[in-house]
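1. Quick one: sequence and predicted model below, then my questions.
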Amino acid sequence: MKPVSLAYGKNGLKIMVPDRAVIIEPRHLPGLADERTAVQEALRKPLGTPPLKDMVTAKDTVAIVISDMTRPTPNDKLVPWLLDELAHVPKENFVIINGLGSHRANTEAELIQMLGQEVVDTVRIINHNAFDPEELVLVGKNSYGSDVYLNKVYVNSTFKIVTGFIEPHFFAGFSGGPKGINPGIAGITTIQGFHNAQMIGNPQSTWGVIEGNVVQDAATQNCLMAKPDFMLNVTLNGNKEITSAFAGDVITAHRAGCAFVKEHAMYPVDQPFDLVITTNSGYPLDQNLYQTVKGMSAAAQIVKQGGAILSCSECSDGVPDHGNFAKILKSKATPEELLAMINDPSYSVFDQWQVQVLAMILLKAECYLYSELDEQTVRDAKIIPVAKPCDAITTVLNNKPGASVAVLPLGPLTIPYVK
């Protein structure tokens, strides 16, 4: 047996795995020696737009869209650097919009953690509310027939900036770019439209795919109806350090960032494994079971049909309590019944997309979870709880002594695929 360190919560987790286990990680890139200078250079030499400073006047009302607490975007660095670059614009002309999608609002303490005390004290910040029609405005209809509602404050701002970070994404191909706007600041009916069962079930709606990916396409169409004037996205390594910055046009710069991530995060294997051990990249990505599905989905790419997945994800924020994820999971007895319900065109409930992905994983492999969740909560999600990671490993090895094993210590930061 050999030790492996997993990204788990804030402190990590060490487990023992068979010597033959294949460790699958993105090629490690060191953090930039001078992150601020690199981001500043990206803002001044952007892709597809003039330099940021030249685009914004002192009279503009500037909206900066950020990702919420469930993402490791270094907002505490990016936002102050953007404000410094636009120092000629009065602070009262700025609004920071927390792109929550359908997630819960972040508390003031969380906003301070995300942005720093000074930004919270000096700049107007609003938590996007996808459920309040008064806060939304209709900007168009996409080619899939969905009405597109976006945050009214954002739409009415004279200069729009979207921030974020780019990583592999389990149904949009990659995060960042247009996804900062949709689902970030979209209305709930719009979010449900681009997360519907047909979109999520499309074979091209998967890790690392941009061209032909209907989820990414819908997000892009929706975003362009009130196009950000400027994008700032970064890439991160396993230590959450910035490895590169991509700024400028929301499509051009994002595609460059996706190509960069794909080059470093794709990992080919010769054949699928009997057991895949995964994480959800540690805090803040592994705060709840809803997000944990991403790491399980990464493992599902290379697990054998009928194999096993062990996910080590802290879930310090529960399932979570808000949203419909837990309620939908408990509404049917089996993954087959869940999928039948979700695939019925008359069924439309927000969070169904995450249940759909989990149900498809459960039909492929036996799923174990090591977390802080109580046993019954895990069982209600159709997953097998374990008190120690070694319990699941021992069970699989006892059933199949020569079982092949793979480990994704950083979970969905890697896109493994069978050659």
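-> Everything's here; your move. Residues are numbered from 1 along each chain as shown.
2. Report the distance from stretch 377-387 to the chain centre.
-> Its chain's C-alpha centre and that of stretch 377-387 lie 23 Å apart, by Cα atoms, centre = their mean, to the nearest Å.
3. I figured residue 18 hits residue 1, correct?
-> Yes: with contact defined as Cβ atoms under 8 Å, residue 18 and residue 1 form a contacting pair (6.2 Å). Using the backbone N, CA and C atoms, a C-beta is placed for each residue, glycine as well.
4. Of the two, give the one with the bigger neighbour count.
-> More crowded of residue 18 and residue 1, by other Cβ atoms under 10 Å: residue 18, with 15 against 11.
5. give the contact list for the more buried one.
-> Taking Cβ atoms under 8 Å, 6 or more residues apart in numbering, we find residue 18 in contact with 1-2, 397, 405.
6. So which of these sit within helices?
-> The members of these that map onto helices under DSSP state H are residue 397.
7. Output the contacts of residue 18 in JSON lines, with distance to residue 51 and pLDDT appended to each entry.
-> Output for the contacts of residue 18, formatted as JSON lines (distance: Cβ to Cβ, whole Å; pLDDT from 0 to 100):
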{"residue": "1", "distance to residue 51": "54", "pLDDT": "94"}
{"residue": "2", "distance to residue 51": "50", "pLDDT": "97"}
{"residue": "397", "distance to residue 51": "57", "pLDDT": "96"}
{"residue": "405", "distance to residue 51": "50", "pLDDT": "98"}
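8. quick one: which of the contacts of residue 18 has the most company?
-> The most crowded member of the contacts of residue 18, judged by other Cβ under 10 Å, is residue 405 (21 neighbours).
9. How about that residue: what's its closest non-neighbour residue?
-> residue 21 (4.0 Å; Cβ to Cβ, 6 or more residues apart in numbering).
10. Might one say that the one you found is in contact with residue 408?
-> No: assessed by Cβ under 8 Å, residue 21 is found out of contact with residue 408, at 11.0 Å.
11. which residues do the two both contact?
-> residue 277.
12. who has more neighbours, the two?
-> Between residue 21 and residue 408, counting by other Cβ under 10 Å, residue 408 is the more crowded of the two (31 against 21).
13. Identify the residues contacting residue 237.
-> By Cβ under 8 Å, 6+ apart, the residues touching residue 237 are 26, 28-31, 243.
14. and which of those residues is nearest residue 272?
-> residue 26 (19.7 Å; Cβ to Cβ).
15. Residue 50: neighbour count?
-> When neighbours are counted by other Cβ under 10 Å, residue 50 registers 11.
16. what pLDDT does the residue nearest to residue 405 get?
-> pLDDT recorded at residue 21 is 98.
17. That one and residue 409: what is the separation?
-> Applying Cβ to Cβ, to the nearest Å, the value for residue 21 to residue 409 is 11 Å.
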